[in-house]
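# Sequence plus the predicted model coming up.
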Amino acid sequence: MISNTTKFQTILGFLTACMLIAILLNSPNGFSAIYQCKNAVGKIAFQDHPCADADINEHQYRDKTGTVTVDERKHFLWKATRQNDTIYLLGSIHVGRPDMYPLNRIVTDSFNQSDALMVEVNTELVDQLELAQKMSNIGMYPAGTTLESQLPSAIWEKLVATAKALNVPELLLRQQKPWLASITLATAMMTQSGYQSEFGIDRYFIKQASALNKPIIELESVASQMQLFANFSTQEQIDLLSNGLDEMQKGSIMLDKLVTAWVEGDHHALDKLSRESMGIDSKESSLYQSLIVKRNRTMAEKALNAVQDHKNYFLVVGAAHLVGPQGIPELLKTHGFAIQEL
């Protein structure tokens with residue numbers, strides 16, 4: 001159980017820390033690279049092959065005015081090296097939009113140079129029936145207990161109004177526990193705002209690795225990520241839901257800010273926004289320790305165990321796991337890795 005002194009804000013901050021939301025949002029449709037291009041008259045168009053910009057190289061990009069600019073931005077990408085071992089570490093947002101693509105050449109080149117992919121959860125292996133059963137077991141109230149009966153009337157009324165605005169049937173929410181209702185409504189809001197799991201950074205590279213027959217190594221599991229939410233106390237879940245409802249009424253403002261920080265490679269801003277949106281006032285809080293620090297150590301340990309064969313690895317996890325003094329890059333440094341931000 002997380003300490004009752006923890007103050008929650010909204011579910012959206014978990015998009016840089018936990019893949020579960022993206023997994024539940026996942027569509028059965030396949031995903032391939034999407035490129036935002038301009039046609040001959042300057043109109044934006046999306047296509048599944050690279051734009052015909054022969055004059056643009058991997059160190060340049062077109063800014064919002066169409067001007068070719070030297071790309072000096074960071075890309076939430078680190079390179080960890082130790083003798084013959086190399087791990088590329090990419091921070092992810094677990095949902096996205098088409099205009100986040102194509103990814104910078106330095107990112108895709110790092111992936112292409114790697115022998116295997118590491119991710120929190122391999123979405124290609126998620127059994128939807130098994131997932132539904134697990135969600136029912138730990139995310140739903142037993143017969144005779146409803147979400148309405150567990151919530152203050154004001155919060156329930158706000159939930160009903162929000163669900164109606166997002167076209168989510170009230171009946172779907174009636175047996176859900178507060179943490180699952182938070183995710184259900186958040187995923188609906190994301191979809192309505194144009195965000196999809198198909199465009200999440202993790203999912204993109206999982207699809208690419210599968211197509212290339214690159215090994216995919218899971219650092220966590222769906223069950224362990226579900227349990228993170230299930231371990232919250234009832235009051236913590238209600239706080240998460242209540243504050244999430246307030247945030248949803250503002251639309252996708254917070255999510256837009258998170259994506260902007262990721263696109264600009266501003267890991268200080270993303271770290272701050274992620275913690276604010278999860279209601280984490282201090283990196284010493286029990287919530288931060290549970291959601292970030294402990295999982296960082298576990299994932300770093302699994303990554304270290306996998307690099308004994310002197311191959312190159314490409315690790316993609318939520319961006320919140322790579323920043324700060326307790327991030328995975330810093331943990332690798334304590335094991336003799338030299339870290340370079342790319």
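Nice, thanks for sending it over.

# Residue 214 contacts residue 112, correct?
No - counting by CB atoms under 8 Å, residue 214 stays clear of residue 112, with 9.8 Å between them. Yep, even glycine has a C-beta here, placed from its N, CA and C like the rest.

# Between those two, which is the more surrounded one?
Remark: of residue 214 and residue 112, residue 214 carries more neighbours, 18 against 13, as counted by other CB atoms under 10 Å.

# any idea which element residue 317 lies in?
In this assignment (DSSP states H and E), residue 317 forms part of strand 312-318.

# Check which helices and strands that strand sits against.
Strand 312-318 sits against strand 85-92, strand 116-119, helix 201-211, helix 294-306, with contacts defined as 3 or more CB pairs under 8 Å, 6 or more residues apart in numbering; DSSP states H and E.

# Show me what counts as buried in whichever helix or strand comes after it.
Per DSSP H and E, the first helix or strand lying C-terminal to strand 312-318 is helix 328-333. By neighbour count, with 16 or more other CB atoms under 10 Å as the criterion, the buried positions of helix 328-333 are 328, 329, 330, 331, 332.

# Stretch 127-137 now?
For stretch 127-137, burial by neighbour count (16+ other CB under 10 Å) applies to 131, 134, 135.

# So which of those are in strands?
Using DSSP state E, no member of the buried residues of stretch 127-137 falls in strands.

# Now render those as TSV, adding distance to residue 188.
Shown next, in TSV, are these (distance: CB to CB, whole Å):
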residue	distance to residue 188
131	18
134	21
135	16
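
# got the angle for the helix or strand harbouring residue 273 vs strand 85-92?
Here residue 273, judged by DSSP H and E, is contained in helix 267-277. Orientation of helix 267-277 against strand 85-92 (axes from the mean of the first three to the mean of the last three CA atoms, to 10 degrees) gives an angle of 50 degrees.

# tell me what helix 267-277 is packed against?
helix 253-263.

# Quick one: work out the angle between the helix it packs on and helix 201-211.
50 degrees.

# Can you get me the centre-to-centre distance for helix 253-263 and its chain?
Relative to its chain's centre, helix 253-263 lies at 12 Å (CA atoms, centre = their mean, to the nearest Å).

# what do you get for stretch 137-152?
Distance of stretch 137-152 from its chain centroid, counting by CA atoms, centre = their mean, is 27 Å.

# in it, what counts as buried?
Buried residues in stretch 137-152 (16+ other CB under 10 Å): 138, 139, 147, 151.

# tell me, how many neighbours does the closest residue to residue 342 other than its chain neighbours end up with?
In space, and not counting its chain neighbours, residue 342 is closest to residue 77: 4.4 Å by CB to CB, 6 or more residues apart in numbering. Residue 77 has 22 neighbours, counted by other CB under 10 Å.

# before we move on, what about the one 5 residues further on?
For residue 82, the count of nearby residues is 16 (other CB under 10 Å).

# That one reaches residue 333, doesn't it?
No - under the contact definition of CB under 8 Å, residue 82 does not touch residue 333, with a separation of 9.6 Å.

# How about residues contacting stretch 107-116?
Identification of contacts with stretch 107-116 by CB atoms under 8 Å, 6 or more residues apart in numbering yields 58, 75, 77, 79, 86, 88, 90, 102, 117, 205, 208-209, 214-217, 306, 311-314, 342.

# Straight-line length of that stretch, end to end?
By CA to CA, to the nearest Å, the extent of stretch 107-116 from end to end equals 15 Å.

# so how far is that stretch from its chain's centroid?
On CA atoms, centre = their mean, the centre of stretch 107-116 falls 20 Å from the chain's centre.

# Going by neighbour count, list what's buried in it.
For stretch 107-116, burial by neighbour count (16+ other CB under 10 Å) applies to 107, 108, 110, 111, 114, 116.

# can you check stretch 174-191 too?
175-191.

# Identify the residue nearest residue 293 in space, chain neighbours excluded?
Using CB to CB, 6+ apart and skipping residues adjacent in sequence, the residue nearest residue 293 is residue 326, 5.1 Å away.

# check which helix or strand covers the residue most central in space within the chain.
Centroid-nearest residue in the chain, with CA atoms, centre = their mean: residue 94, separated by 2.6 Å. Using DSSP H and E, residue 94 sits in no helix or strand.

# how about the helix holding residue 273: buried residues?
Buried residues in helix 267-277 (16+ other CB under 10 Å): 267, 270, 271, 273, 274, 275, 277.

# and which of those is nearest residue 125?
Using CB to CB, the shortest approach to residue 125 within those belongs to residue 274, at 26.6 Å.

# Quick check: that closest one touching residue 324?
No - judged on CB under 8 Å, residue 274 makes no contact with residue 324 at a distance of 10.4 Å.

# about what we covered before: give me the phi and psi angles of the residue nearest to residue 342.
Backbone geometry at residue 77, expressed as degrees, to the nearest 10, gives phi -130, psi 130.

# So it sits against residue 103, correct?
No - using CB under 8 Å, residue 77 is not in contact with residue 103, being 9.7 Å away.

# roughly how far out does stretch 105-122 sit from the chain middle?
Centroid separation for stretch 105-122 versus its chain: 16 Å, with CA atoms, centre = their mean.

# quick one: terminal-to-terminal distance for that stretch?
24 Å.

# A helix includes residue 339, no?
No - looking at residue 339 with DSSP: H, G, I helix; E, B strand; the rest coil, it is strand, so not inside a helix.
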